[in-house]
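Peer 1: Quick one: sequence plus predicted model below, questions after.
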Amino acid sequence: MSDTVGIAGDRIRSIIERVEQLDEEIKGLMEGKKEIFAEAKGEGLDVKILKEILKLRKLDKDERDEHETLLDVYLRAMDAPSPMAEAA
């Protein structure tokens, strides 16, 4: 039974160490991303807009078109006079 525990323990340790290594790599990549956004901001670019572009680029064309259509519809609805205000 102790052999089984030793083998499982080694396998668990291996998995944990691999995940920890990936976490360190992700941390480094996130720091690199932060530096790129700081560079963009230093050049006068709007980081919020850049992040929105990145978000939209992850969508396929149909999803992006739907998103833009809904955004337009909602904005127009907000600008339209309220039916309650027209009745008064």
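Peer 2: Yep, it's here. Numbering: from 1, shown residues only.
Peer 1: mind checking how far the residue most central in space within the chain is from Lys48?
Peer 2: Nearest residue to the geometric centre of the chain (C-alpha atoms, centre = their mean): Lys55, 6.6 Å. Distance of Lys55 to Lys48, computed by C-beta to C-beta, to the nearest Å: 11 Å. Where you see a C-beta, it was placed from the backbone N, CA and C, and this is true even at glycine.
Peer 1: Strands of this protein, residue ranges please.
Peer 2: Taking DSSP state E to define them, one finds no strands in the chain.
Peer 1: Poorly predicted segments of it, please.
Peer 2: For the chain, the stretches with pLDDT under 70 are 1-6, 84-88.
Peer 1: switch to 80 and redo it
Peer 2: 1-7, 82-88 (pLDDT under 80).
Peer 1: and the longest helix for it?
Peer 2: Across the chain, the longest stretch assigned as helix under DSSP state H is helix 2-42.
Peer 1: what distance separates that helix from the middle of the whole chain?
Peer 2: Counting by C-alpha atoms, centre = their mean, to the nearest Å, helix 2-42 is centred 19 Å from the centre of its parent chain.
Peer 1: try stretch 77-85
Peer 2: On C-alpha atoms, centre = their mean, the centre of stretch 77-85 falls 33 Å from that of its chain.
Peer 1: ok, residues contacting it?
Peer 2: Taking contacts as C-beta atoms under 8 Å, 6 or more residues apart in numbering, no residue outside stretch 77-85 touches it.
Peer 1: Give me the buried positions along it.
Peer 2: Judged by neighbour count (16 or more other C-beta atoms under 10 Å), stretch 77-85 contains no buried residues.
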